[in-house]
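Novice: How does the following fold in three dimensions:
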Amino acid sequence: MPFTIVRQSITRVKVDAVVNAANTKLQMGGGVCGTIFKEAGAHKLQEACDKLSPIQTGEAVLTPGFDLSAKYIIHVAGPVYDDYTPGESERLLRLAYANALKLAVEYHCKSIAFPLISGGIYGYPKTEALKVATEVIADFLEEHELDVILTIFDKAAFAISEKLFGEVKNYIDEHYVQSHRDRTFLEFNEKVLSDSATMPFEHRESAAMVSEFKDTLEDVVNNLDEPFSVTLLRLIDMKGKTDVEVYKKANIDRKLFSKIRTGKGYMPGKRTILALAVALELNLEETKDLLKRAGYALSNSKIFDVIVEYFILHGKYNIYEINEVLFKYDQALLGS
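Specialist: Residues are numbered from 1 along each chain as shown. Next up is the predicted model:
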């Protein structure tokens with residue numbers, strides 16, 4: 001998945017480069033910075049940093065990863081929010097992310113992990129810090145092939161728009177809760193059906209005859225739906241999009257998309273299909289049809305499905321925004 005969010009220590013993520021939210025003097029600090037120094041080998045890392053310091057706010061520099069599993073550590077100085085106007089703080093934060101990404105590509109990294117820069121003791125409002133991070137990363141991935149991971153240490157460090165969260169929560173309350181009321185009825189019916197299994201054989205035999213499958217194998221074969229890959233290509237053409245545009249907006253990598261595109265018996269998972277539906281900006285009925293062709297369906301008994309349905313129903317097709325809400329609800333993310 002080109003861009004994903006995980007709740008994990010940045011030093012535990014398997015990537016080519018980790019980003020250290022540094023101070024301009026590149027001195028060992030607390031929080032994420034302190035963890036990176038300790039696990040990389042504080043003395044060795046500090047010596048390397050001393051040769052590069054000081055740096056400007058928004059600047060990025062690179063050192064070896066030393067004792068980390070990552071090959072490199074990219075040090076960026078994010079803005080202290082109250083030291084600048086809101087507009088200048090945003091410009092500098094965008095610059096910090098962009099410079100770190102450029103440095104990763106320059107050193108031929110295939111993957112990079114970020115903390116939420118400036119979102120801790122530097123006081124940048126977490127909702128806005130997350131918005132800047134996702135926008136800069138998304139824009140960069142439009143032009144580059146790179147796996148990017150945003151690491152969040154705990155839920156308290158992660159915040160999304162209260163308005164959006166409230167709208168999604170209301171939608172879940174209306175649809176997900178209702179499904180559990182319906183489940184009581186389904187469970188009752190299942191009990192009735194189970195009890196019917198004890199009826200005399202001759203009655204069960206009659207019931208079986210009524211529900212007997214009538215289509216012949218030849219009828220079924222002659223009425224198969226078009227293959228999933230054919231449907232996907234048709235939709236891409238119909239929506240006037242390119243392959244690159246679709247797989248990047250779907251947050252899936254090029255190799256997986258190529259595998260899906262060629263068909264050859266491969267069927268993508270439900271999350272990947274929903275990501276493609278979002279990238280193609282399908283409406284709800286089109287999405288359900290695409291899922292059906294792969295043997296899947298949306299279910300109101302699954303929070304993941306209800307959240308994705310909300311965004312599609314309301315024409316909100318920003319996959320990163322969808323994934324932020326899914327992450328908030330501890331759900332799997334859209335994409336590969």
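Novice: For the helix or strand hosting Leu92, name the packing helices and strands.
Specialist: Element membership of Leu92 [criterion: DSSP states H and E] is helix 86-106. Using 3 or more C-beta pairs under 8 Å, 6 or more residues apart in numbering; DSSP states H and E as the contact criterion, the neighbours of helix 86-106 among helices and strands are strand 60-64, strand 72-77, strand 111-114, helix 126-141. Yep, even glycine has a C-beta here, placed from its N, CA and C like the rest.
Novice: need the least confident one among the ones you listed, by mean pLDDT.
Specialist: Sorting those by mean pLDDT places helix 126-141 lowest, at a mean of 94.
Novice: on that earlier part again, deepest of the helices and strands packed on helix 86-106, which one?
Specialist: Each of those was given a mean neighbour count from mean count of other C-beta atoms under 10 Å, and the largest, a mean of 26, is that of strand 72-77.
Novice: could I get that one in PDB with only the CA atoms?
Specialist: Extracted C-alpha coordinates of strand 72-77, given in PDB (Å, rounded to 0.1, in the frame of the first residue of the first chain):
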ATOM      1  CA  TYR A  72      18.700   5.800   7.000                       C
ATOM      2  CA  ILE A  73      17.400   8.400   9.400                       C
ATOM      3  CA  ILE A  74      16.100  11.600   7.800                       C
ATOM      4  CA  HIS A  75      16.100  14.500  10.300                       C
ATOM      5  CA  VAL A  76      13.600  17.300   9.700                       C
ATOM      6  CA  ALA A  77      12.900  20.300  11.800                       C
END
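Novice: Parallel or antiparallel, list what pairs with it.
Specialist: Partner strands for strand 72-77, per DSSP bridges, with pairing direction: strand 17-22 (parallel), strand 60-64 (antiparallel).
Novice: Can you pull out the low-pLDDT segments for this structure?
Specialist: Residues of the chain meeting the criterion pLDDT under 70: 1, 154-159, 177-225.
Novice: Apply 90 and report the result again.
Specialist: Low-confidence regions of the chain, defined by pLDDT under 90, span residues 1, 7-8, 30-31, 120, 152-230, 260-267, 335-336.
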